[in-house]
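Visitor: Predicted coordinates and the sequence they were generated for:
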Amino acid sequence: MSSEIIEKIQALKQQRNAVILAHNYQPGEIQDIADYTGDSLGLSVQAAQTDADVIVFCGVLFMAETAAILSPEKTVLLPEIEAGCPMADMITAQQLKELKDEHPDALVICYVNSTAEVKALSDYCCTSGNALEPVQTLPKDREIIFVPDKNLGGFIIEQTGIEMILWPGYCSTHVRMQPEDVQAARAKYPDAKLLAHPECNPDVRVLADELLSTGGMLKFAKTSDMNEFIIATENGIIHSLKKQNPEKQFYSVTEKAICPNMKKISLEKVAWALEDMQYQITVPEPICTEARRSLDRMLAVIPK
Ligand code: SF4
């Protein structure tokens with residue numbers, strides 16, 4: 001059955017001149033049919049550079065919005081309109097405006113996991129793959145507001161020593177990982193290196209050997225001499241890690257690390273998206289142009 005759907009997707013993809021982008025947290029079968037799989041930073045670069053007419057974005061709404069902002073002349077499809085990100089919805093444009101009013105001289109950095117409206121009100125955007133770069137280039141005498149993830153913001157403060165005003169948002173999937181889960185996994189796999197995502201709570205971050213974005217984890221696993229890794233991020237990444245490193249072992253820190261929104265995309269929904277050209281994601285002006293400014297600044301500082 002699934003091979004029939006895959007054939008259908010391939011045929012429709014050609015017919016529509018479409019490219020399929022999938023986030024590292026997508027179900028394995030979606031990652032397998034994607035033209036490009038990556039983290040938010042890599043996917044943003046792909047969305048900005050592709051010459052396809054249609055981008056099928058297998059991820060959540062803010063990612064498809066980002067693709068629509070970076071490629072406004074293309075048709076961007078999100079196969080499941082209900083695939084949102086609770087963290088992105090933890091701050092509204094109105095709340096950010098009020099915070100800016102309280103700190104009129106502050107510069108604003110938003111995590112890419114934010115709505116287009118919030119990006120439009122921000123000076124810089126960042127992903128977990130390049131979170132340290134923007135803050136290090138900002139003038140030292142200006143206050144910095146970081147939204148919406150208090151955990152990624154806390155990680156940036158720990159790494160750079162630069163204070164920021166943090167919005168109290170968080171990823172509801174990453175905060176499910178607890179120090180006890182890490183300790184249990186460490187006891188079970190004593191030779192494994194622990195790679196954790198900066199969206200984890202501080203009591204988990206402090207137990208990690210490395211704090212990395214998903215793109216960073218893939219690079220690290222490939223180049224490391226180690227053969228065993230405990231992974232503290234959404235479990236979808238384990239599919240790519242195993243595929244790219246068949247000789248190495250990867251263990252999830254907990255089976256609870258599943259983002260229900262990321263798992264709303266299925267092969268059937270990708271086929272329907274291409275067939276019916278749904279759900280088209282667009283970002284109206286002037287939000288699109290204003291949000292693009294903060295994204296362009298992010299893309300200008302891509303770490304090698
Ligand atoms: S894993 Fe967390 S940050 Fe990513 S889409 Fe799911 S809820 Fe949002």
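Guide: Received, thanks. As the structure is a prediction and not an experimental result, all values here were calculated from the model.

Visitor: any low-confidence regions in the chain?
Guide: For the chain, the stretches with pLDDT under 70 are 1, 301-304.

Visitor: What residues does it have near the ligand?
Guide: 25, 60, 85-87, 113, 171-173, 234, 259, 261-262 (CB under 6 Å from any ligand atom). Bear in mind the C-beta positions are built from the backbone N, C-alpha and C, glycine included.

Visitor: ok, 5 Å please
Guide: Taking CB under 5 Å from any ligand atom as the contact definition, the chain meets the ligand at 60, 85-87, 113, 171, 173, 234, 259.

Visitor: Just send those back as TSV, with secondary structure, distance to residue 101 and neighbour count too.
Guide: Listed next are those as TSV, based on DSSP: H, G, I helix; E, B strand; the rest coil; distance: CB to CB, whole Å; neighbours: other CB atoms under 10 Å:
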residue	secondary structure	distance to residue 101	neighbour count
60	coil	29	27
85	coil	26	22
86	coil	26	16
87	coil	23	26
113	coil	23	27
171	coil	27	26
173	coil	32	23
234	coil	35	24
259	coil	33	24
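
Visitor: out of these, who's nearest residue 296?
Guide: Distance to residue 296 across these (CB to CB) is lowest for residue 113, with 18.0 Å.

Visitor: The closest one: what's it in contact with?
Guide: 40, 62, 85, 87-88, 148-149, 171 (CB atoms under 8 Å, 6 or more residues apart in numbering).

Visitor: Please determine how far it is located from residue 250.
Guide: 24 Å (CB to CB, to the nearest Å).

Visitor: any idea how far residue 79 is from the residue of the stretch 201-304 of the chain found nearest the ligand?
Guide: Residue nearest to the ligand within the stretch 201-304 of the chain (CB to the nearest ligand atom): residue 259, separated by 3.3 Å. Distance, residue 259 to residue 79, using CB to CB: 16 Å.

Visitor: So what's the residue count around the closest residue to residue 197 other than its chain neighbours?
Guide: Nearest residue to residue 197 in three dimensions, chain neighbours excluded: residue 233, at 3.8 Å (CB to CB, 6 or more residues apart in numbering). Look at residue 233: counted by other CB atoms under 10 Å, it has 28 neighbours.

Visitor: Could I get the contacting residues of the closest residue to the ligand within the stretch 101-250 of the chain?
Guide: Proximity of the stretch 101-250 of the chain to the ligand (CB to the nearest ligand atom) peaks at residue 171, 3.3 Å away. With contacts defined as CB under 8 Å, 6+ apart, residue 171 is in contact with 86-87, 113, 149, 151, 199, 259.

Visitor: One more: residue 132?
Guide: 156, 159-160.

Visitor: for residue 149, same thing?
Guide: Residue 149 neighbours (CB under 8 Å, 6+ apart): 87, 111, 113, 167, 169-171, 199.

Visitor: Kindly report the same for residue 243.
Guide: Neighbours of residue 243 in contact, by CB under 8 Å, 6+ apart: residue 31.

Visitor: Which secondary structure element is home to it?
Guide: Assigned by DSSP states H and E, residue 243 falls within helix 237-244.

Visitor: what does residue 247 give?
Guide: Judged by DSSP H and E, residue 247 forms part of no helix or strand.

Visitor: quick one: it and residue 228 touch, right?
Guide: No: counting by CB atoms under 8 Å, residue 247 stays clear of residue 228, with 11.1 Å between them.

Visitor: ok, residues contacting the helix or strand encompassing residue 158?
Guide: For residue 158, the element it lies in under DSSP H and E is helix 150-160. The contact list for helix 150-160, computed with CB under 8 Å, 6+ apart, reads 111, 128, 131-132, 135-136, 146, 162-164, 166-171, 174-175, 198-202, 205, 211.

Visitor: Run through the residues that contact residue 91.
Guide: 114, 118, 147-148, 167, 169.

Visitor: Sort out for me which of the residues you listed are in helices.
Guide: residue 118 (DSSP state H).

Visitor: Return the closest of the contacts of residue 91 with respect to residue 299.
Guide: For these, the nearest to residue 299 is residue 114 (15.8 Å; CB to CB).

Visitor: just checking, the closest one touches residue 61?
Guide: No: Residue 114 is beyond contact range of residue 61, at 10.9 Å (criterion: CB under 8 Å).

Visitor: which of these two has more neighbours?
Guide: residue 114 (31 against 22).

Visitor: Ignoring the adjacent residues along the chain, who's closest to that one?
Guide: residue 88 (5.2 Å).

Visitor: show me the contacts for that neighbour.
Guide: By CB under 8 Å, 6+ apart, the neighbours of residue 88 are 60-62, 113-115, 118, 148.

Visitor: Could you give the backbone dihedrals for it?
Guide: Reported as degrees, to the nearest 10, the phi and psi values for residue 88 are phi -60, psi -30.

Visitor: Before I go, just wanted to say thanks for your time.
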